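S.K.: Fold the following.
(one chain, ligands or ions: 2)
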Amino acid sequence: MGTQRTQVAIVGAGPSGLLLGHLLHNAGIDNLIIERQSGDYVLGRVRAGVLEQTTVDLLDEAGVGARMHREGLFHDGYDLTFGGARHRIDLHGLTGGKRVMVYGQTEITRDLMDARAAVGRPTVYEATDVAPHDFDRDAPTVTWRKDGAVHEVRCDFIAGCDGFHGVSRTSVPEGGVTTYEKVYPFGWLGLLSDTPPVSHELIYSNHERGFALCSMRSMTRSRYYVQCPLEDKVEDWSDAMFWDELRRRLDPATAATLVTGPSIEKSIAPLRSFVAEPMRFGRMFLAGDAAHIVPPTGAKGLNLAASDVRYLSRALIEFYAQKSSAGIDAYSARCLARIWKAERFSWWFTSLMHKFPETGAIGRKLQQAELDYLVQSRAASTVMAENYVGLPF
Ligand code: APR
Ligand code: PHB
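M.R.: Ligands and ions are numbered 1, 2, ... in the order given. Reported below is the predicted structural model:
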């Protein structure tokens, strides 16, 4: 068995693991990332791309923000469509100058992978049977299998950054984790195309046929979504069917200007609210999707992952620099306070915008009234805007 030693063993090379690894590297803390998939596979996943200012700041702090600032798009607002008309939510005006950055998560992952390669910190890709051990003791280890051999790394801490289906959370002994979960009765069918976005800002649409979202990756690449039944298969949806359905869910003026083209990617994602508590188990910490999932309405997933990593990197740096475990001890409670607020917002925005067949005609009327109130009341718009741009730390 090949044995090595590091300070922090990070399970998972998604945005959480890579960003944590880089922040620790910058502070001179040795770390090893162990990832189940190949690098190309990780880069092939298409996910939401709206960054809160605090996420932009953290990427800058890590020193990986240069391309984001060149290619990303700052957005000062977005539109809500309902009842055949578009209404703008002025994020900038309502929040005293805050805005969001539109930059694809795939691009962030690529920037982080490049930065890690440039400084020569190691990542093991295509590791199988990854397993954390002894995190309830002083000397935890992570083991994995690769190329027919078993490998082990001894470490001070394990960071479980291995997503919702990861091994870290499920390695905690029975009874050690409490989970809260809600699965929504529909999915999002997403389509990526090299076509100019229908609008220069995002459009969230509430329609009697179901929710739709117009987003983008750049001024020449669009990302669109329509709410679909969970049982639907991507193969059932031709590009033409998708474009027809999207057009029907937009206001007529917007639908008339939609530019369509062949899809580059098409996929169906389920919607889930999920939180695992606590997020620390002795010398193992969970961060990002390993500990929580939000439905994508509002794009909080990556921002929450970044917020966990901000707390965890600071806590570990404080531990090594000052021999203080104050940050480590506070980690779980600090993260969860932010997480639950983002869970609440994502659940609320999802409930407001989607078609819920089981709530019937009264459910739809109540949604319409709330949307009307939201765009007419500055107080209500402000609540929405301050959550969308991200709550303060
Ligand atoms: N061993 C090693 N790696 C694993 C294992 C395992 N047993 N299980 C999963 N992984 C890897 C996955 O292959 C993936 O690359 O962990 C990584 C987790 O990455 P993400 O799922 O992207 O999670 P995270 O880094 O927390 O990023 C959160 O991603 O899902 C979006 O909306 C979410 O934006 C948020 C962000
Ligand atoms: C996306 O661009 O993929 C996206 C944007 C905003 C959301 C969700 C997804 O709320």
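S.K.: which parts of the stretch 201-350 of the chain sit against ligand 1?
M.R.: Counting by Cβ under 6 Å from any ligand atom, the positions of the stretch 201-350 of the chain adjacent to ligand 1 are 288-290, 301-302, 305. In this view, the C-beta of every residue, glycine as well, is placed from N, C-alpha and C.
S.K.: Widest-spaced pair of the residues you listed?
M.R.: The largest separation in those, counting by Cβ to Cβ, is between Ala290 and Leu302 at 13.7 Å.
S.K.: which one of these two has more residues nearby?
M.R.: Between Ala290 and Leu302, Ala290 has the larger neighbour count (other Cβ atoms under 10 Å), namely 29 against 24.
S.K.: contacting residues around Pro357?
M.R.: Applying Cβ atoms under 8 Å, 6 or more residues apart in numbering to Pro357 gives the contacts Pro185.
S.K.: at 10 Å instead, please
M.R.: Pro357 is in contact with 185-186, 210, 229, 363, counting by Cβ atoms under 10 Å, 6 or more residues apart in numbering.
S.K.: do Val130 as well
M.R.: By Cβ under 10 Å, 6+ apart, the contact list for Val130 reads 9, 11-12, 34-36, 124, 142-146, 151, 162, 166-168, 171.
S.K.: hey, where'd the helices end up in the stretch 151-300 of the chain?
M.R.: In the stretch 151-300 of the chain, the helices defined using DSSP state H, counting those that start in this stretch lie at 239-248, 252-257.
S.K.: ok, the closest residue to Trp243 other than its chain neighbours - how many residues close by?
M.R.: Of all residues not flanking Trp243 in the chain, Thr260 sits nearest, at 4.4 Å (Cβ to Cβ, 6 or more residues apart in numbering). Using other Cβ under 10 Å, the number of residues around Thr260 comes to 18.
S.K.: ok, Thr260 touching Glu245?
M.R.: No: Thr260 is not in contact with Glu245 according to Cβ atoms under 10 Å; the separation is 11.7 Å.
S.K.: Close to ligand 2: what parts of the stretch 1-150 of the chain are there?
M.R.: Residues of the stretch 1-150 of the chain that fall close to ligand 2, judged by Cβ under 6 Å from any ligand atom: 48-50.
S.K.: for these, which one is nearest ligand 1?
M.R.: Minimum distance to ligand 1 across those is 5.9 Å, recorded for Ala48 (Cβ to the nearest ligand atom).
S.K.: Just say helix, strand or coil for the closest one.
M.R.: coil (DSSP: H, G, I helix; E, B strand; the rest coil).
S.K.: so it touches Met216, yeah?
M.R.: No: using Cβ under 10 Å, Ala48 makes no contact with Met216, being 11.6 Å away.
S.K.: So for the lengthiest helix in the chain, what gets flagged as buried?
M.R.: Longest helix of the chain, by residue count under DSSP state H: helix 326-353. Buried residues in helix 326-353, defined by neighbour count with 16 or more other Cβ atoms under 10 Å: 327-328, 331-332, 334-336, 338-339, 342-343, 345-353.
S.K.: Now the stretch 1-150 of the chain against ligand 1: closest residue?
M.R.: Nearest residue of the stretch 1-150 of the chain to ligand 1, counting by Cβ to the nearest ligand atom: Gly14, 2.1 Å away.
S.K.: can you count the residues close to that residue?
M.R.: Look at Gly14: counted by other Cβ under 10 Å, it has 26 neighbours.
S.K.: Quick check: it vs ligand 2, distance?
M.R.: Gly14 is 16 Å from ligand 2, where distance means Cβ to the nearest ligand atom, to the nearest Å.
S.K.: Say whether ligand 2 is contacted by the longest helix of the chain.
M.R.: No: contact of helix 326-353 with ligand 2 is not found when judged by Cβ under 6 Å from any ligand atom; the minimum separation is 8.0 Å.
S.K.: same question for that helix, mean pLDDT?
M.R.: For helix 326-353, mean pLDDT is 98.
S.K.: Could you list every helix and strand that the helix or strand following that helix packs against?
M.R.: The helix or strand immediately downstream of helix 326-353 is helix 360-376, counting by DSSP states H and E. The contact analysis (3 or more Cβ pairs under 10 Å, 6 or more residues apart in numbering; DSSP states H and E) places helix 360-376 against strand 78-82, strand 85-89, helix 326-353, helix 378-389.
S.K.: Kindly recompute the last result at 7 Å.
M.R.: Here helix 360-376 touches strand 78-82, helix 326-353, helix 378-389, going by 3 or more Cβ pairs under 7 Å, 6 or more residues apart in numbering; DSSP states H and E.
S.K.: Mind listing what's buried along that helix?
M.R.: Quick answer for helix 360-376 (16+ other Cβ under 10 Å): 367, 371, 374-375.
S.K.: repeat for stretch 267-280
M.R.: Buried, per 16+ other Cβ under 10 Å, within stretch 267-280: 268-269, 271, 273-280.
S.K.: Which residues does stretch 242-250 contact?
M.R.: Here stretch 242-250 makes contact (Cβ atoms under 7 Å, 6 or more residues apart in numbering) with 81, 189, 191, 205, 207, 209-210, 212, 224, 226, 255, 258, 260.
S.K.: Among the residues of the stretch 201-350 of the chain next to ligand 1, which ones lie close to ligand 2?
M.R.: Counting by Cβ under 6 Å from any ligand atom, no member of those is near ligand 2.
S.K.: want to throw these into TSV with pLDDT?
M.R.: Listed next are these as TSV, based on pLDDT from 0 to 100:
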residue	pLDDT
Gly288	98
Asp289	98
Ala290	98
Gly301	97
Leu302	97
Ala305	98
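S.K.: And those residues, which is closest to ligand 2?
M.R.: Ligand 2 has its nearest neighbour among these in Gly301, at 8.5 Å by Cβ to the nearest ligand atom.
S.K.: thinking again about what came up before, pipe the residues of the stretch 201-350 of the chain next to ligand 1 into a markdown table and attach distance to Ile317 per row.
M.R.: Formatted as a markdown table, these follow (distance: Cβ to Cβ, whole Å):
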| residue | distance to Ile317 |
| --- | --- |
| Gly288 | 18 |
| Asp289 | 23 |
| Ala290 | 21 |
| Gly301 | 25 |
| Leu302 | 22 |
| Ala305 | 18 |
